[in-house]
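Novice: Pasting the sequence and the predicted model now:
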Amino acid sequence: MRKKLRQILGKRFLEAPEDLKAYSVDASPYNFLPEAVALPVNAEEIAEILRLAQQENFPVIPRGAGTATTGASLAPQGGLVLSLLRLNRIIEINQEDLVAVVEPGVFTGEFKRAVEELGLFYPPDPASYEFSTIGGNVACGAGGPKGLKYGTTKDYVLGLEAVTATGEIIFCGRRTMKGVVGYNLVHLFTGSEGTLGVITKLILKLIPKPPSQATIALWLESTEKAAQAFLEILKAGLFPSTAELLDDTTLSAVKNLLKKEIHPKAQALLLLEFDGAKKQVEEDLSEAQKTLSNFGMKLDIAVNKKERERLWQARRLISPALKKIAPGKLADDVVLPRSKLPEFLSFAKKIGEKYGLTVACFGHLGDGNIHVNILFEKEDESKAREARNEILNKVLASCGTISGEHGIGFTKKGFLPKELSPEVLLLMKKIKEVFDPQNILNPGKIF
């Protein structure tokens, strides 16, 4: 098997211990050493590799940049990690069709800048966009702050080329904005975490770049009040492109990291961004100020890029700030109906108090997607898992979902039966069997 892989890949077949170690980790706290790593450069090589995997029955784990937090690109059963970073071409950006054709290894930030240079816009903006790949974003169904107004990655995938587990190169979807011919296999692949096939090319929808942007930072007395303020924004008929929340724990951690006082009495931060035509943005800002006048302790507005970057600094520093609180972390990206957010945020805080743990809530208030981080010392891991169970049960009881953008990987698959019925799970497993009859593609993930 190894000899055949060397014939296909040459020096792009890696077996050295230091190479295997580099591919044994991702953004989750786990590590598993693969048996080998492949660095293909096109769909044809991937097809050869998967046909060989079928014959020899070894696992193949597709991987982008390894930024997944659920272990989706790790190899807990050993096997071959299939890195897609060498498939990294932006093949086309078409200003008339408003589409782009890219390979999966293109970094999302690089792609966003390339389309913006042409006056176009690719809205999906996961926090990791500077070092995650388009293919990884699609495979995990990534979201981001702009999901409120513009939707998430799945809303921008028109078509894709993929290699099935049996080594067939297929194309599904289309280049047009509309199309209802047959089943929507594009959406089936999106969010499938490399369990149905290996994506090798993508056709993505683009839109014109908004000419004007403005940011509001509202500093508040409580997290619940921040959620209520956002609901009032919606009731006022305003529709920001972004609505981000930092709760008291998160804001305190950021303040400690910066080692300076930022509105010392504030216990929460609500960030709102409006975009569009300049006049419309000005009108939205004026109306938002009126709506928020009775909610916040302090309201800051930024209209130029430098000022907006300053207001967004706190949001960007969340991850390094929370790492300093405790060595252990259980992180979830739950989604709730917006009307349930004030109650849920209060509940999460009470669960932290009940178990004597630090619970931080932050994220995309706009589409109800809250990142819940339970931070703990190593000896408190069992308590943290109990707290997590209570929080996830509350999410499901509130008509929410356990994952909005990070996916399932292997860290959350135990919770699937709580959200999905046995009948639905069985249908999903049958779909997996059709695409991957020998279960060689990313085995142990999702199910």
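Specialist: Okay, I see it. Numbers count the residues shown, from 1 in each chain.
Novice: which of the residues in the helix or strand bottoming out on mean pLDDT in the chain are buried?
Specialist: One helix or strand of the chain scores below all others by mean pLDDT, DSSP states H and E: helix 305-316, with a mean of 89. Neighbour counts over helix 305-316 (16 or more other CB atoms under 10 Å) mark 308, 311, 312, 314, 315 as buried. For the C-beta atoms, the positions are set from N, CA and C on the backbone; glycine is no exception.
Novice: just checking, what packs against it?
Specialist: strand 212-220, strand 242-246, strand 268-276, strand 298-302 (3 or more CB pairs under 8 Å, 6 or more residues apart in numbering; DSSP states H and E).
Novice: Tell me the first helix or strand C-terminal of it.
Specialist: Downstream of helix 305-316, the next assigned helix or strand under DSSP states H and E is helix 318-323.
Novice: Would you mind identifying the next helix or strand past that following helix?
Specialist: strand 328-335.
Novice: who touches residue 340 in this structure?
Specialist: Residues near residue 340 by CB atoms under 8 Å, 6 or more residues apart in numbering: 368, 398, 399, 400.
Novice: show me where the stretch 301-447 of the chain has helices.
Specialist: 305-316, 318-323, 341-355, 381-397, 416-419, 422-435 (DSSP state H, counting those that start in this stretch).
Novice: looking only at pLDDT, what's the mean for stretch 400-418?
Specialist: Across stretch 400-418, the average pLDDT comes to 95.
Novice: okay if I get the helices and strands packed on helix 305-316 as TSV plus mean pLDDT, mean neighbour count and distance to residue 143?
Specialist: Listed next are the helices and strands packed on helix 305-316 as TSV, based on pLDDT from 0 to 100; neighbours: other CB atoms under 10 Å; distance: least, CB to CB, whole Å:
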stretch	mean pLDDT	mean neighbour count	distance to residue 143
strand 212-220	96	23	19
strand 242-246	97	27	12
strand 268-276	97	24	15
strand 298-302	93	16	24
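Novice: nearest to residue 339, of the ones you listed?
Specialist: Residue 339 lies closest to strand 242-246 among the helices and strands packed on helix 305-316, at 14.4 Å (CB to CB).
Novice: Which strands and helices lie in contact with that closest one?
Specialist: Using 3+ CB pairs under 8 Å, 6+ apart: strand 242-246 touches helix 147-150, helix 223-235, strand 268-276, helix 305-316, strand 358-364.
Novice: let's see it at 7 Å
Specialist: Secondary-structure packing of strand 242-246 (3 or more CB pairs under 7 Å, 6 or more residues apart in numbering; DSSP states H and E): strand 268-276, helix 305-316, strand 358-364.
Novice: partner strands of it, parallel or antiparallel?
Specialist: Next to strand 242-246 in the sheet, as set by DSSP bridges, lie strand 268-276 (antiparallel), strand 358-364 (antiparallel).
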